[in-house]
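can't give you the sequence, but here's the structure:
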């Protein structure tokens, strides 16, 4: 068969069906990954607007722009959406899009499950935001503490929406996590042993493992709260022998690793981008991997530091104080590895690299205040003040959002086939960098002055007015910065310079195929001999690949966990609407619980029937 | 650049089961469920440690008889599942159908016994924290047995229609794996709910 004809068959096999109805049947990992990223950025935008509304309300004392009820709903939705609807899904979206390209395979291990997870996320997120439009949004903060969130103090729909939608959306995070773990462990290109895996893939793997062990806690805690609210159980009702603190333990056993769940992929992005812009391998690959693993482990031993003011035994407090300080070690190791990677190199300061430099400044700042609040005597003073608000915005924006925007500028050419504007990128960076510091730096001082979190206004005698005004002005700059990047992304779709296969001269496999990649990702599954395969092939006229996979159906090569030796071939499913149908009936069940518990049973059987349709073998049964 | 095939995948099997990614996926699902289980058991002991008396004054621990019978029935159902897989490895579709069918039957007996004996728990779910966690754990397991039953019923149906062969048995292998989890997880729950209040 001539090569062109066989490529056409491969294209036909992997192509996603066109048209509106076809959209609901897509299962290819790049389609789903792109949807995750776009949806997450849309939620980021909406949650950001809520942040601006809060800043407007707080800009001067006794402002009556937002009432207390609406303010409570807005800060709850802002926090919840940023964590659950933006930060986790956007990182998963990048991982879903990039990991199969980076490990040289054609799709993820369970394409339909991927699509299912996306629809669950979309429906859950839209329902959550819609509650704000109807004025019934949750208003008890993103960590939804009982007893405030119990039936007695929050009788309305709001907390119910929080508990059901969070449980539901976490299902999507868990499906993506299993998906990523199995894909990374079993579908790597031959020769890509674990010690040759790109660092972003390592980070995605550890993030996925953390999701598997952390998310069940929030699912259990919110399920118990649903039971308390719907079936009159008394898990958290102190007067009936329940324990409000159980909520805090379960929530933070998830909530602390959560911070690292959104941080690790960002670290992976940094370790991927630095070698590209210095054009030499990263310093300390093994140390970087071990630091990622160590961060993953230690992050499960920190949850109590969110509860220092709840009156715990002294021994426990000392342990968690030590553990909280300990996490600075793997973070420090990574920072030093990156400094060594940059040392003496000819660094090309393109926009992605600019955001990485911004990360260093902003994140180190947040890390320092982190070491401060890890110490109990200090924490007791600033707990529940704006100092903490300043700290976690520095950590999350510095640690996660800066690398994420760097990643956006870095991989946009691969996804869209066109470069983003460097000039707009430069403008956006400076607006964001100044905006973050002007918005959040004054909050340290406000916190030390005693301004509590979550208040909708304050008296002018407190003297907090001027600094709040500065913070609000900073927020305007910050949002302008994000809008420039948004405009840049939209403009460059049509007008950006064509990217070519490998515009940055990077070393990892996603750059070894066209931009944007064809439906089958790689024309042939590559065979890898080092950590920098694309650099190995420079100046050569041939490269090793895998032959013998069929082109007329979706075949994936399954390899061994450690050394990626070929083992078997997996036949992946074709496009199908079942994941969509399944997600719709599952959301019916979940949302129905708000009305009557019987919807749980209805949802159970409806989901079962859709699963049967999903897995039912199609005739003719395969015989080879 | 020219692509030079150095590895030939045409000879590799397309019918993997224990080496298939789906097998790993089910391990992932079981790991998630184990985390949920660990959270529930930790919550049980946390509530117990903070309560003045566990179970509360005047509440007897759950009755042992039917719960212990359920342990035996679930272990038997795990054995019949294993036997079903043994059968299909010897090309016997009838043993497969019979084995999975028996497992469904045994687990259904478990559900019926549980349903008519919920009073054995000696507490209502809205009687306070103890009742709440006992019912939550029992209910969690009840739902899992129910989902294992409906899923395995479909496997039995497909087996009866002759879909599975020695080669094409991925569905059986992953269903069995999940079944072992659902049957086996009752043992720690049983020990925690039925024995710790008696021994501590």
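Cool, got the structure. Values in this document were obtained by computation on a predicted structure and should not be read as measured data. Residues are numbered from 1 along each chain as shown, chains lettered A, B, ... in the order given.

alpha carbons only for contacts and neighbour counts from here, please
OK.

quick one: contacts of the worst-scoring helix or strand of chain B on mean pLDDT?
Taking mean pLDDT, DSSP states H and E as the measure, chain B has helix B:196-199 as its least confident helix or strand, at a mean of 91. Identification of contacts with helix B:196-199 by Cα atoms under 8 Å, 6 or more residues apart in numbering or on different chains yields B:54, B:55, B:61.

could you do stretch A:273-282 as well?
By Cα under 8 Å, 6+ apart, stretch A:273-282 touches A:271, A:337-338, A:341-342, A:345-349, A:352-353, A:407, A:410, A:504-507, A:532.

do that again at 6 Å, thanks
For stretch A:273-282, the external contacting residues (Cα atoms under 6 Å, 6 or more residues apart in numbering or on different chains) are A:341, A:345, A:346, A:347, A:348, A:506.

which bits of chain A sit near chain B?
Applying Cα under 6 Å from any Cα of the partner chain, we find that chain A lies next to chain B at A:178, A:212, A:216, A:232-235, A:240-242, A:541-549, A:568-569.

contacting residues around the residue positioned nearest the centre of chain A?
What sits nearest the mean C-alpha location of chain A, by Cα atoms, centre = their mean, is residue A:88, with 2.5 Å. Counting by Cα under 6 Å, 6+ apart, residue A:88 touches residue A:262.

so where's the longest helix in chain B?
Determined from DSSP state H, the single longest helix within chain B is helix B:129-160.

which other helices and strands contact that helix?
helix B:93-116 (3 or more Cα pairs under 6 Å, 6 or more residues apart in numbering or on different chains; DSSP states H and E).

give me the buried stretch members for the host helix or strand of the residue nearest to the centre of chain A, please.
Under the criterion of DSSP states H and E, residue A:88 resides in helix A:88-102. Within helix A:88-102, the residues scored as buried using 16 or more other Cα atoms under 10 Å in any protein chain shown are A:88-102.

picking that back up, in the longest helix of chain B, what counts as buried?
Residues B:129-138, B:141-142, B:144-153, B:155-156, B:158-160 are the ones in helix B:129-160 that count as buried (16+ other Cα under 10 Å).

so where is the chain shaky, pLDDT-wise?
All of this refers to chain A. A:1-3, A:620, A:622-624 (pLDDT under 70).

that one: strands as residue ranges?
A:542-547, A:555-559, A:566-571 (DSSP state E).

TSV for those, including mean neighbour count?
Output for these, formatted as TSV (neighbours: other Cα atoms under 10 Å in any protein chain shown):
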stretch	mean neighbour count
strand A:542-547	18
strand A:555-559	24
strand A:566-571	21
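
of those, which is nearest residue A:194?
For residue A:194, the closest of the strands of chain A is strand A:555-559, at 11.6 Å, according to Cα to Cα.

what's the closest one packed up against?
Secondary-structure packing of strand A:555-559 (3+ Cα pairs under 6 Å, 6+ apart): strand A:566-571.

which other helices and strands contact the strand it packs on?
Partner elements for strand A:566-571 (3+ Cα pairs under 6 Å, 6+ apart): strand A:555-559.

wait, what's in contact with residue 110?
Since no chain was named, I'll use chain A. Counting by Cα under 6 Å, 6+ apart, residue A:110 makes contact with nothing.

oops, I was thinking of chain B
Per Cα under 6 Å, 6+ apart, neighbours of residue B:110: residue B:70.

residue A:185 now?
Contacts of residue A:185 by Cα under 6 Å, 6+ apart are residue A:561.

repeat that for the one 4 residues further on.
Under the criterion of Cα under 6 Å, 6+ apart, the contact list for residue A:189 reads A:103, A:104, A:527.

the residue lying closest to it once chain neighbours are set aside and residue A:513: what is the separation?
Of all residues not flanking residue A:189 in the chain, residue A:104 sits nearest, at 5.1 Å (Cα to Cα, 6 or more residues apart in numbering or on different chains). Separation of residue A:104 from residue A:513 (Cα to Cα, to the nearest Å) stands at 10 Å.

kindly report the same for residue A:10.
Residue A:10 is 15 Å from residue A:513, by Cα to Cα.

residue A:327 too?
38 Å.

sorry, back to before: more neighbours: which of residue A:104 and residue A:513?
residue A:104 (28 against 19; other Cα atoms under 10 Å in any protein chain shown).

can you pull the contacts of the residue of the stretch 101-250 of chain A found nearest chain B?
Per Cα to the nearest Cα, residue A:233 is where the stretch 101-250 of chain A lies closest to chain B, at 4.4 Å. Shown in contact with residue A:233 (Cα under 6 Å, 6+ apart): A:227, B:125, B:126, B:132.

skip the chain neighbours and tell me the closest residue to it.
Once flanking residues are discounted, residue A:233 sits nearest to residue B:126: 4.4 Å by Cα to Cα, 6+ apart.

could I get the phi/psi values of that neighbour?
Main-chain torsions, residue B:126, degrees, to the nearest 10: phi -100, psi 20.

count of residues packed around it?
19.

what's near enough to touch residue 159?
In the absence of a named chain, this looks at chain A. Neighbouring residues of residue A:159 by Cα under 6 Å, 6+ apart: residue A:138.

let me rephrase: I mean chain B.
By Cα under 6 Å, 6+ apart, the contact set of residue B:159 is residue B:97.

could you measure from it over to residue A:494?
From residue B:159 to residue A:494 the distance is 54 Å (Cα to Cα).

contact residues of chain B facing chain A?
B:1-10, B:12-14, B:28, B:32, B:36, B:125-126, B:128-129, B:132.

filter those residues down to the buried ones and hand me the PyMOL line.
PyMOL command restricting the residues of chain B next to chain A to the buried ones, with burial defined by 16+ other Cα under 10 Å:
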select buried, chain B and resi 3+5+7+9+12+14+28+32+36+125+126+128+129+132
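
mind checking which of the residues of chain B next to chain A are in helices?
B:28, B:32, B:36, B:129, B:132.

reformat the residues you listed into a markdown table and put pLDDT and distance to residue A:464 next to each item.
Shown next, in a markdown table, are those (pLDDT from 0 to 100; distance: Cα to Cα, whole Å):
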| residue | pLDDT | distance to residue A:464 |
| --- | --- | --- |
| B:28 | 97 | 50 |
| B:32 | 97 | 47 |
| B:36 | 97 | 45 |
| B:129 | 94 | 44 |
| B:132 | 96 | 46 |
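
quick check: the farthest pair among those residues?
Taking Cα to Cα, no two of these sit farther apart than B:28 and B:129, at 31.0 Å.

the spatially closest residue to residue A:208 that is not a sequence neighbour: neighbour count?
Among residues not flanking residue A:208 along the chain, residue A:177 sits closest, at 4.4 Å (Cα to Cα, 6+ apart). Close neighbours of residue A:177, defined as other Cα under 10 Å, add up to 26.

looking at the contacts of stretch A:273-282, state which has the most neighbours.
Counting neighbours by other Cα under 10 Å, residue A:506 leads the contacts of stretch A:273-282 with 23 neighbours.

re the thing from before, and after the longest helix of chain B, which helix or strand comes next?
Assignment by DSSP H and E places the next element after helix B:129-160 at helix B:170-184.
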